[in-house]
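Visitor: please find the sequence and the predicted model below.
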Amino acid sequence: MSGVADRTDVRVRRGDSRRASIRAAAVDQFLTRGYAGTSMANIAEAAGMSRPAIYQYFTDKDDVFASSFTLVFEQHTDAALVALRAGTTVEAALDGLLQRFEGDLWEMTAESPHYDELVAAKRPVVATAIHAVLDRFWAAVADWLAEVSPGTRSDCQARRAGWLELLRWSPPGLRVDRPSVEHFRRRLSALARSVAADVAGAA
C-alpha cells in the first residue's frame with residue numbers, strides 16, 4: 001500500500017507544481033496582454049504546455065484569473081505579516097508591512113498598460129476570494145496594534161481603529177495619480193512614520 005500512496009503523493013506534488021507554473025505564467029500574460037487579450041493558448045504556451053493540458057487543472061480563463069490573482073494576494077499578505085512581526089520598531093514594522101503588501105503589489109502592476117482593465121475584470125469569485133484574504137490580513141494587523149498599544153477603554157479602541165483605517169485606506173489614495181514605484185514607496189514610508197508617531201504619542 002505504501003507504494004500506491006507514494007505514487008499518489010508524487011502525482012499530487014506534480015499537479016501542484018504544474019498549477020503553480022500555470023498561475024505564474026498567467027499573471028505575466030494578464031499583465032502583458034490584459035484580460036481580454038489573454039487566451040488560454042497564450043497561458044499554455046507561456047507555461048510550456050499544451051492548451052488541452054491546462055484544462056486538467058483549470059476550467060477556463062476566469063478560473064485561471066481568479067486562482068492566479070488570489071494566490072498573488074495571499075503571497076503578498078503573508079510576506080507583509082512576516083515583515084510586520086520582524087520590525088524592530090513600530091515604524092519599521094509598519095513600513096515593512098506597507099512595503100511588502102502595497103509597495104510590492106504596485107511594483108508588480110504599475111508598469112502594466114492594462115492595470116485599469118485588470119482591476120475592472122475582477123469577477124465575483126475573485127472579489128470574494130480576495131476579500132477573504134484581506135479580512136484575514138487586516139484582522140492580523142488589528143491584533144498587532146492591540147499588542148503594541150494595549151487597552152480596553154473605548155478611547156484606546158477608537159485610536160486603534162483609526163490607525164487601522166489609515167493603514168488600510170490611505171494607500172489607494174496615495175497611488176491615485178499613478179506615481180512611480182519609488183515615489184509610491186516614499187509615500188508609504190511617510191504613512192508608516194505618521195501612524196508610528198501617533199502610536200508613540202498614545203503610549
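Guide: It's in. Numbering: from 1, shown residues only.
Visitor: contacting residues for residue 112?
Guide: Counting by CB atoms under 8 Å, 6 or more residues apart in numbering, residue 112 touches 31-32, 118. (C-beta placed from N, C-alpha, C; glycine too.)
Visitor: from residue 90, how far off is the residue most central in space within the chain?
Guide: Most central in the chain under CA atoms, centre = their mean is residue 73, positioned 2.4 Å from the mean C-alpha point. For residue 73, the distance to residue 90 equals 25 Å [CB to CB, to the nearest Å].
Visitor: cool, and residue 195?
Guide: For residue 195, the distance to residue 90 - CB to CB - is 8 Å.
Visitor: how is this structure divided into domains?
Guide: Here the domain parsing of the chain from automatic domain parsing is 1-58, 60-202.
Visitor: need these in a markdown table with mean pLDDT, can you?
Guide: Putting the domains of the chain into a markdown table (pLDDT from 0 to 100) gives the following:
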| stretch | mean pLDDT |
| --- | --- |
| domain 1-58 | 83 |
| domain 60-202 | 93 |
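Visitor: got the CA positions of stretch 92-108 in PDB?
Guide: Extracted in PDB, the C-alpha atoms of stretch 92-108 (Å, rounded to 0.1, in the frame of the first residue of the first chain):
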ATOM      1  CA  ALA A  92      10.000  49.700  10.900                       C
ATOM      2  CA  ALA A  93       7.200  47.200  11.400                       C
ATOM      3  CA  LEU A  94       4.600  49.400   9.700                       C
ATOM      4  CA  ASP A  95       6.900  50.400   6.900                       C
ATOM      5  CA  GLY A  96       7.700  46.700   6.300                       C
ATOM      6  CA  LEU A  97       4.000  45.800   6.300                       C
ATOM      7  CA  LEU A  98       3.200  48.500   3.700                       C
ATOM      8  CA  GLN A  99       6.200  48.000   1.500                       C
ATOM      9  CA  ARG A 100       5.700  44.200   1.300                       C
ATOM     10  CA  PHE A 101       2.000  44.500   0.600                       C
ATOM     11  CA  GLU A 102       1.100  47.800  -1.100                       C
ATOM     12  CA  GLY A 103       4.600  48.600  -2.400                       C
ATOM     13  CA  ASP A 104       5.400  45.200  -3.900                       C
ATOM     14  CA  LEU A 105       1.900  44.900  -5.500                       C
ATOM     15  CA  TRP A 106       2.300  48.300  -7.000                       C
ATOM     16  CA  GLU A 107       5.700  47.400  -8.300                       C
ATOM     17  CA  MET A 108       4.300  44.300 -10.000                       C
END
